[in-house]
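J.: no sequence on this one, just coordinates:
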């Protein structure tokens with residue numbers, strides 16, 4: 001099955017961050033993964049789970065078993 005979502009690409013980011021909601025739509029539950037990454041946000045340092053997605057297609061590249069960090073931007077924030 002193929003799932004498509006729109007993402008904001010930040011070429012200067014250390015991690016690929018995908019919202020909990022998007023991961024849930026892919027049937028990935030970040031809460032079950034014990035691996036955590038430290039992220040500095042506007043609200044301070046957080047620990048966010050890292051999970052693997054089977055494939056990520058971006059700008060003509062296909063990345064397999066690609067790690068992403070689960071984090072949702074707080075309600076009211078604008079991207």
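T.: That came in fine, so what should we check first? Source: prediction; values computed, not measured. Numbers count the residues shown, from 1 in each chain.
J.: run through the bridge partners of the spatially most central residue of the chain.
T.: For the chain, the residue nearest the mean C-alpha position is residue 18 (2.2 Å; C-alpha atoms, centre = their mean). Taking DSSP bridges as the rule, residue 18 bridges to residue 70.
J.: any stretches of this structure with poor pLDDT?
T.: Low-confidence segments of the chain (pLDDT under 70): 74-79.
J.: apply 90 and report the result again.
T.: Residues of the chain that meet the criterion pLDDT under 90 lie in 1-14, 22, 25-27, 40-44, 56-59, 72-79.
J.: ok, residue 66 to residue 30 distance?
T.: 14 Å (C-beta to C-beta, to the nearest Å). (Each C-beta comes from the backbone N, C-alpha and C, glycine too.)
J.: between the two, who's got more neighbours?
T.: residue 30 (20 against 15; other C-beta atoms under 10 Å).
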